[in-house]
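>>> Structure of the sequence below:
(one chain, ligands or ions: 1)
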Amino acid sequence: MSLLPPTPALEAWPRCLAQLEHEFPSEDIHTWLRPLQADARDRALVLYAPNAFVVEQVRERFLPRIRELLDHYAGSRDVAIEVGALKRAAPSPAMGSSHVRSNEPAFHGNLDNQYVFENFVEGRSNQLARAAAWQASQSPGDRAHNPLLLYGATGLGKTHLMFAAGNELLARNPSAKVLYLRAREFMDGFTKALYDPTAGGTDAFRRQFQGLDALLIDDIQFFAGKDRTQEEFFHTFNALFDGRQQIILTCDRYPREVAGLEDRLKSRLSWGLPVAIDPPDYETRAQIVLSKARERGVPLPDDVANLIAKKMRSSVRDLEGALNTLIARANFTGRPITLEFAQETLRDVLRDHSVGIGQIQKAVADYYGLQTKELTGKKRTRSLARPRQIAMSLARELTDLSLPEIGNAFEGRDHTTVLHACRQIRTLLETDGKLHEDWEKLLRKLSE
Ligand SMILES: Nc1ncnc2c1ncn2[C@@H]1O[C@H](COP(=O)(O)OP(=O)(O)OP(=O)(O)O)[C@@H](O)[C@H]1O
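Numbers count the residues shown, from 1 in each chain. Take a look at the predicted model:
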């Protein structure tokens, strides 16, 4: 073990990470950046990733920004991202440390450990799904629940349960290898393997899945119409299934109803245990609000939880959104959260509407294969600008929110931007057939 003082680059890493946490969606941070282990080699920062997949994702998505931040905090752009792990014995990176690098790299999962069974509130609507996820974590690979498919509308806790199963599996068996991927990431990885000569080809892509105890793939409706990716997924699925490795999948509806998924895949998906998650009933909604408040260390009177639960009926994500608004306002004004304060603060959010802006943003993001944070964020690339305008117009159409309120939900944009978006979409709906079709589909989805 080296006794040299830590390099500035290594010292700067926690600050870079803290900054990245402000800039990227928390899912990305948990999935890709938190699992990295920092070390120093000469004057360079070395980030060890649990597997080649993570290396590739981090290089592609974050490396340029990591370099900039490192330059800013440590005056160096020297960073390497490699497969490997620090030896557990190393007390902290600041002490200098040794690492293991081998052809058989240590595997560290990329699960978000915030989502566990303990903080999943059980109710009639999700009881079966919870029980099934629990079973999968207790006897992974068992034919009775392999594949486990959790399906249901957006924001009802599918991803939460999927993570909970993975985390529980790891708690029982800390050396288990559990990999979580969004369907889109599977597709991106596969496309890269096909077309990027530096990516190591499809064999390297397939090796990612060998030796896993469980593979978790989120939002498989995304595979619809993507024939080559589906075919590859079909092979991955078969290999894992034959190896009795646990597969957990989520889908926004029963797969047979997903147009554009191949029949043979649909049939495989129904082999194991497909379970639905339904919207929670009133009592469960109130319990969820109380539980989220407790987690945040915020005392919340029952009547406030009941108020939110009564008014927000569709998705748990919207319940959380209302709670967050309340907490932010209470912190800002220094006032305690009482029923009166909640009624006043959430007047607009709680107006009886069946669709929340969070739901609209999620639906549009999913439809275009984006992350919600990208859609609501500041970047102005073409591929983001149009979906963003559609989301703003849908919010105008389907909610009672005012233009400034809609602007606020898109990282504080001005109301004139929203107005412009609505006008532009209205014009395009007359002239652009594809956009018209997208609009109709989204409207249908949101009024389901
Ligand atoms: N029963 C529950 N108990 C506690 N939290 C819940 C519950 N159901 C959902 N949530 C919370 O709601 C939020 C949204 O859940 P999650 O991301 O799992 O939804 P999802 O069904 O995967 O949605 P999507 O299909 O849009 O990805 C998360 O913060 C999750 O913790």
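
>>> Give me the three-state assignment for Pro274.
Counting by DSSP: H, G, I helix; E, B strand; the rest coil, the backbone at Pro274 sits in strand.

>>> Need the three-state assignment for the nearest residue to it once chain neighbours are set aside.
Nearest residue to Pro274, sequence neighbours excluded (C-beta to C-beta, 6 or more residues apart in numbering): Leu149, at 4.3 Å. For the C-beta atoms, the positions are set from N, CA and C on the backbone; glycine is no exception. Classification of Leu149 using three-state DSSP returns strand.

>>> can you list the residues of the chain near the ligand?
Within the chain, the residues that sit near the ligand (C-beta under 6 Å from any ligand atom) are 115, 119-121, 126, 154-160, 250, 252, 288, 291, 316-317, 320, 362.

>>> Could you list which of those belong to strands?
Taking DSSP state E as the definition of strands, the residues of the chain next to the ligand contribute Thr250.

>>> from the residues of the chain next to the ligand, which would you call buried?
The neighbour count (16 or more other C-beta atoms under 10 Å) marks 115, 120-121, 126, 154-160, 250, 252, 288, 291, 316-317, 320, 362 as buried among the residues of the chain next to the ligand.

>>> Which stretches in the chain count as strands?
Under DSSP E, the chain gives strands at 37-41, 44-49, 79-83, 85-86, 99-100, 148-151, 178-182, 214-218, 246-251, 273-276.

>>> Against which helices or strands is the first one packed?
The reference is to strand 37-41. helix 8-23, strand 44-49, strand 85-86 (3 or more C-beta pairs under 8 Å, 6 or more residues apart in numbering; DSSP states H and E).

>>> Can you give the strand pairings for that strand, parallel or anti for each?
Using DSSP bridges, strand 37-41 pairs in its sheet with strand 44-49 (antiparallel).

>>> and what of the fourth one?
Strand 85-86 pairs in its sheet with strand 99-100 (antiparallel), by DSSP bridges.

>>> ok, the residue nearest to Pro274 touching Thr250?
Yes - Leu149 is within contact range of Thr250, at 7.4 Å (criterion: C-beta atoms under 8 Å).

>>> which ones are touching whichever residue of the chain sits closest to the ligand?
Closest approach between the chain and the ligand, counting by C-beta to the nearest ligand atom: Gly157, at 2.7 Å. By C-beta atoms under 8 Å, 6 or more residues apart in numbering, Gly157 lies in contact with Phe120, Asn126, Ala129, Ile277, Val316.

>>> picking that back up, and the residue nearest to Pro274, how many neighbours?
24 (other C-beta atoms under 10 Å).

>>> Kindly report the same for the one 4 residues further on.
Counted with other C-beta under 10 Å, the burial measure for Ala153 works out to 18 neighbours.

>>> domain parsing for the protein?
8-100, 117-276, 282-350, 357-446 (automatic domain parsing).

>>> can you put those domains in TSV and add mean pLDDT and distance to Gly109?
Rendered in TSV, the data for those read as follows (pLDDT from 0 to 100; distance: least, C-beta to C-beta, whole Å):
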stretch	mean pLDDT	distance to Gly109
domain 8-100	76	7
domain 117-276	93	5
domain 282-350	89	22
domain 357-446	89	21
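
>>> Dump those into CSV; add distance to Asn110 as well.
Formatted as CSV, the domains of the chain follow (distance: least, C-beta to C-beta, whole Å):
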stretch, distance to Asn110
domain 8-100, 5
domain 117-276, 6
domain 282-350, 22
domain 357-446, 16
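
>>> Over to Pro174: give its phi and psi.
phi -60, psi -20 (degrees, to the nearest 10).

>>> my bad, Asp252
phi -80, psi 0.

>>> Who are the contact partners of it?
Tyr151, Gly152, Ala153, Thr154, Asp219, Gln221, Asp366.

>>> The last one against Ala224, yeah?
So that's Asp366. No - Asp366 is beyond contact range of Ala224, at 11.3 Å (criterion: C-beta under 8 Å).

>>> who's more crowded, the two?
Asp366 (20 against 16).

>>> Next one: the more buried one from Ala328, what distance?
Using C-beta to C-beta, to the nearest Å, Asp366 is found at 26 Å from Ala328.

>>> can you tell me which of the contacts of Gly157 are in helices?
Among the contacts of Gly157, DSSP state H puts Ala129, Val316 in helices.

>>> which one of the contacts of Gly157 sits closest to Arg444?
Ile277 (20.9 Å; C-beta to C-beta).

>>> Got phi/psi on the residue lying closest to that closest one once chain neighbours are set aside?
In space, Ile277 comes closest to Gly152 once its chain neighbours are excluded; the distance is 3.7 Å by C-beta to C-beta, 6+ apart. Note on Gly152: backbone dihedrals following degrees, to the nearest 10 are phi 160, psi 170.
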